[in-house]
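**Student:** With the input below, show me the fold.
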Amino acid sequence: MQVPSIIRVMVVEDFDLFRQFVCTNLEQRPELRVICEVSDGLEAVQKAEELKPDLILNVRRCQIWCRGSEV
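**Tutor:** So this is what the prediction gives:
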């Protein structure tokens, strides 16, 4: 199995300012590309099905709709 040269990341975090901070830091890495930012679990599931990211970074437990482990 070949590892992708760019890892497509979706970031899940309900606190906007912290989510922006995480995304900004991830984008500093040339091998990472943030393809989506979402603020709740339900949206995370929908976007994950649509975009098929290589990595889903659930920064903390989202309180809206479902727990991070359910995503």
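**Student:** Can you tell me the centre-most residue of the protein?
**Tutor:** Val11 (1.9 Å; Cα atoms, centre = their mean).
**Student:** and Leu51, what does it touch?
**Tutor:** Contact partners of Leu51, counting by Cβ atoms under 8 Å, 6 or more residues apart in numbering, are 8, 10, 35-36. (Each C-beta comes from the backbone N, C-alpha and C, glycine too.)
**Student:** which stretches of the protein form strands?
**Tutor:** For the chain, strands defined by DSSP state E occupy the ranges 7-12, 32-38, 55-58.
**Student:** For these, give me TSV that also has mean pLDDT.
**Tutor:** Below are the strands of the chain laid out as TSV (pLDDT from 0 to 100):
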stretch	mean pLDDT
strand 7-12	95
strand 32-38	96
strand 55-58	92
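**Student:** Let me have those in JSON lines, adding distance to Glu49 as columns.
**Tutor:** Shown next, in JSON lines, are those (distance: least, Cβ to Cβ, whole Å):
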{"stretch": "strand 7-12", "distance to Glu49": "11"}
{"stretch": "strand 32-38", "distance to Glu49": "11"}
{"stretch": "strand 55-58", "distance to Glu49": "11"}
